[in-house]
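Student: quick one, structure for this:
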Amino acid sequence: MKTPEGLNDKQKDQYQEAWLDTLRTFIFGAKTILFFVFAALLYIPLEDDIKNLFKEKQEVKVTTNRSTEKDEDYDRVENGIHVQTGFVVAPGFDEVRANCTVCHSSKLVTQNRATREGWEQMIIWMQEKQGLWDLGDRKPIILDYLSTHYAPIKKGRRDNIDIAEVEWYILDLENTD
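Tutor: Coordinates of the predicted model:
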């Protein structure tokens, strides 16, 4: 850019600023034209799809007489066990299903065993660390259900022998007659 001769410094600065404004306006105009050209190039192949967006949608009713196996199993109970969750169907079942299976699988409940105090500690932990809501008056119902149906199972093995309680005797192998 060549500045005209005979201008003082202030006039030179004004001239340069005016020239830059003209250049900015030209660039803005070129960008605007390119935007519209690009938009038109996009519109042409998508014209039918765009027009369909604004058409009034017709209501389509789909009816079927088929039901899925999952729908059939939703409330099915076999031998006192709710098929879908694996929970024992007993008082408190609905509260446990409604509050526990929102966040995790029912299998997480059925694979665990605990006393009432143990279940309560798990609930407190979930409330403190996992964001479980206040169970309110449902909490005793849930604890009763869990401690009744998912209590620790007694092992099929005998308890360890308390050696201090055993009455020992000396076996005399020499006089076996």
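
Student: contacts and neighbour counts: CA atoms only from here.
Tutor: Fine.

Student: show me the protein divided up by domain.
Tutor: 10-47, 76-149 (automatic domain parsing).

Student: columns mean pLDDT and mean neighbour count on top of these, output as JSON lines?
Tutor: Below are the domains of the chain laid out as JSON lines (pLDDT from 0 to 100; neighbours: other CA atoms under 10 Å):
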{"stretch": "domain 10-47", "mean pLDDT": "88", "mean neighbour count": "12"}
{"stretch": "domain 76-149", "mean pLDDT": "91", "mean neighbour count": "15"}
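
Student: export those domains to CSV and append columns for distance to residue 155.
Tutor: Converted to CSV, these look like this (distance: least, CA to CA, whole Å):
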stretch, distance to residue 155
domain 10-47, 70
domain 76-149, 12
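
Student: between those, which one is closest to residue 166.
Tutor: domain 76-149 (31.1 Å; CA to CA).

Student: now do the closest one: distance to the chain's middle.
Tutor: 18 Å (CA atoms, centre = their mean, to the nearest Å).

Student: any idea how far apart the tips of it sit?
Tutor: 19 Å (CA to CA, to the nearest Å).

Student: circling back: of all the domains of the chain, which one is nearest residue 54?
Tutor: With CA to CA as the yardstick, what comes closest out of these is domain 10-47 (11.5 Å).
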